[in-house]
Every structure is written in C-alpha cells, then in structure tokens.
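S.K.: Fold the stuff below for me.
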Amino acid sequence: MVCPDINTLMSQLVYNAHISALQVTSYKPLKAWISKEGFCRFCTVKYNASVGDLDNMFVHLTNVAIQKHGSNYNNVHGGKWSLQNFSRYLQGTRGKVASDKLFQDIHWICLQSLKSVQAVMLSDRHCFEVYGFDVIVDDQLKPWLIEVNVRAKGSVPSAVCFATG
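M.R.: Next up, the predicted model:
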C-alpha cells in the first residue's frame, strides 16, 4: 500500500478515529478500559470548504458504506487503517511525542465524556457496557469528539482495517 503524504492526510482528507471498545465495568467508582484496537476512516476526495461542496458526501463523510461508491475508493485498504498503523505513521511523520500526545488526548476525551454522565448512570457490579468513540483529528493533531455509541461492536469490522502502511 502506498501511503499518502502527511499533507494529504492531515490537511486535505477528512478522517476520523474510532476507538472500537471502551469497556466500563463501574460508574461508582468509575472503572473503564480502553482497547488498543480501533481504526481510522478516510474520505476519498480532497476536502474543500466551498459551499458548492457541502452536498458532496465523498468530501465530508468517512463512512465506508458511502466512500466505496466513489471513483477514488481504494479496494486494497478500504479507506481504513488500524489505529496501530495510524500511530506508526504519525510517529514517522510527526514524531513519537506528537503521536503519543494525540492518543493521550483521545483517552482524556473518552474519560471526560464518561465523567460527565457518571452521576446519572446506573452501576451494576454484575454488568458492563461497551462504548465506541468517534473522534475527528484536525491538522494540528487536536482530537474532537463526534459521537459516542452505546453497545459498540467489540471488534474491527473488517480485516481490511489491518492493511499495513
């Protein structure tokens, strides 16, 4: 697989990271485990802030169900990388410190999200919940929370997610 250069990844394509499993076994006290598994999804068309491109789904939505219909879709990696490959890529292009900080910031967002609902969540010591966190990362490697999914799938949906970079 030929990796796009850092300018393409960070400045021209919309992408988001999906932490595929965050397991919460207790809210009182808060006990959560973040999986090292997950994936990044990429758009296939260069980002453009033009009003004329607002309806172009291939520019703004990273969902593979949409992207696979685009003319620039890559059947080899499916527009996805594992989080491990993304981290390695960032380490090689931005440095280990920047990569580590991004993932620490993502974990901080996950934790703060859980803390924000801690007081209203029921806690059953015999049960646990799995959440999926979708985060978009800007060109300064700042993560932004998009959504949290309850009962998220605990595995990466496709072997394609593990294409090497």
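
S.K.: which stretches of the protein have low pLDDT?
M.R.: Low-confidence segments of the chain (pLDDT under 70): 1-21, 48, 151-165.

S.K.: residues of stretch 68-77 that come out buried?
M.R.: Under the neighbour-count criterion of 16 or more other C-beta atoms under 10 Å, stretch 68-77 has 70, 74, 77 buried. C-betas here are computed from N, CA, C, even on glycine.

S.K.: Just the residues you listed: which are in helices?
M.R.: Among the buried residues of stretch 68-77, no residue falls in helices (DSSP state H).

S.K.: Can I get the helix of greatest length in the chain in CSV? Just the C-alpha atoms.
M.R.: Longest helix in the chain, counting residues (DSSP H): helix 96-117. Taking C-alpha atoms only, helix 96-117 is exported to CSV below (Å, rounded to 0.1, in the frame of the first residue of the first chain):
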residue,chain,number,x,y,z
LYS,A,96,6.6,9.8,18.7
VAL,A,97,5.9,12.6,21.2
ALA,A,98,3.2,14.1,18.9
SER,A,99,1.6,10.7,18.3
ASP,A,100,1.6,9.8,22.0
LYS,A,101,0.1,13.1,22.9
LEU,A,102,-2.7,12.6,20.3
PHE,A,103,-3.7,9.3,21.8
GLN,A,104,-3.4,10.6,25.4
ASP,A,105,-5.7,13.5,24.4
ILE,A,106,-8.2,11.0,22.8
HIS,A,107,-8.2,8.9,26.0
TRP,A,108,-8.7,12.1,28.0
ILE,A,109,-11.8,12.9,25.9
CYS,A,110,-13.2,9.4,26.5
LEU,A,111,-12.6,9.7,30.2
GLN,A,112,-14.2,13.2,30.5
SER,A,113,-17.2,12.0,28.5
LEU,A,114,-17.7,9.2,31.0
LYS,A,115,-17.3,11.5,33.9
SER,A,116,-19.9,13.9,32.5
VAL,A,117,-22.6,11.3,32.8
